[in-house]
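In: kindly generate the corresponding structure for this input.
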Amino acid sequence: MPCQPRGEARALLHGMQAVNGDCVRPSELPTAVLVELRSLLRAEQKVVSSSDAEVVKRSVDRCISVKQGCCVVKVTWSGLDVIASSTKSLQQALRWRAALTVLRNRAKARMSLGGCRHTLIEDEVLTMLKADPDLNVGFSGAVNGTSKRTPKTQNWQLALTLQEQLLQVVNGGGNIERKVDKFMEKAKKTVEADKKKYKTLAAQQIREIDEELMRRQEQMVPHQSLAEALSLTDEKELEDAVKTLQELAPAELRRRRTILFSPANLVDGWELL
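Out: Here you go, the predicted model:
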């Protein structure tokens, strides 16, 4: 089943939040995906995150806690906390709990059956996010030997790296408490630097998407003229043709114009489109 525009946009946003900070090229994406990606980027900047320092007032169940009218969903396995952003909707919290539970169960089943031993893998995370694009999650790790957890980050790969580094510190012997405190200070700076890099990238991508959408809007008249050149009389067919042409990359649009208006193809050349 093809991915819906919002699901595809969520996958692109996830790539931007990864270690390498993947950039998207607005000119290569359909308009529907660009609109959804811009919406997600702007909404993500306003996400209310749950603080590690919050004191839980009450619990709905083992995975959902409530504080000041907001629900926070957290699912844990292999020492890794996967925490959804706060929501005032219990129904949404229940849906997110189900999504995170499925993620955990798939990972644990894979690990127990001798598959990849990593706590998380990219395909599993992407499948979850595409199915529920409004789900924003943070990751925090813990290991035996200390009660402290790594700083929460949206970058799951970074979270696993920090968890592994914390384990090495604990297993290194010596004054563990002092070494852990020193490591945590460094880890917080690493997470903050990663967050800053992502915010810079997100702001840049929003500007580029705005510019690309404006460019496409300006091309609406040429698209209308080109669609009308196909002699479409049905209003719905004309609307669909304009929409299809609007989605094309500039190079492909020029190619189709050349074919349509070529003297040798004035009668039936448009069939090659």
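In: can you show me the strands along this protein?
Out: In the chain, the segments counted as strands under DSSP state E are 58-59, 64-67, 70-77, 80-84, 137-141.
In: measure Glu252 to Leu245 for me?
Out: 9 Å (CB to CB, to the nearest Å). Every C-beta, even on glycine, is put in place using the N, C-alpha and C of the backbone.
In: is Phe183 in contact with Gln165, as I believe?
Out: Yes - in this structure, Phe183 is within contact of Gln165 by CB atoms under 8 Å, at 6.9 Å.
In: ok, these two, which is more surrounded?
Out: Phe183 (20 against 17; other CB atoms under 10 Å).
In: list the contacts of that one.
Out: With CB atoms under 8 Å, 6 or more residues apart in numbering as the criterion, the residues that contact Phe183 are 165-166, 169.
In: now Cys23
Out: By CB under 8 Å, 6+ apart, the neighbours of Cys23 are 16, 201, 205.
In: relative to Val169, how far out is Thr146?
Out: Counting by CB to CB, the gap from Thr146 to Val169 is 8 Å.
In: overlap in contacts, the two.
Out: 176, 180.
In: and the strands of the chain, which one averages the lowest pLDDT?
Out: Note on the strands of the chain: strand 58-59 shows the lowest mean pLDDT, a mean of 68.
In: show me which helix or strand of this protein is least confident by mean pLDDT.
Out: helix 220-228 (a mean of 59; mean pLDDT, DSSP states H and E).
In: Serialize the strands of the chain to CSV and add fields for distance to Val35 and mean neighbour count.
Out: Below are the strands of the chain laid out as CSV (distance: least, CB to CB, whole Å; neighbours: other CB atoms under 10 Å):
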stretch, distance to Val35, mean neighbour count
strand 58-59, 38, 9
strand 64-67, 32, 18
strand 70-77, 28, 20
strand 80-84, 24, 23
strand 137-141, 23, 23
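In: which one of those strands lies nearest to Pro5?
Out: Ranking these by proximity to Pro5 (CB to CB) places strand 137-141 first, at 20.9 Å.
In: please compute how far that closest one lies from its chain's middle.
Out: Remark: strand 137-141 is offset 14 Å from the chain centroid, using CA atoms, centre = their mean, to the nearest Å.
In: show me what that strand is packed up against.
Out: strand 80-84, helix 156-171 (3 or more CB pairs under 8 Å, 6 or more residues apart in numbering; DSSP states H and E).
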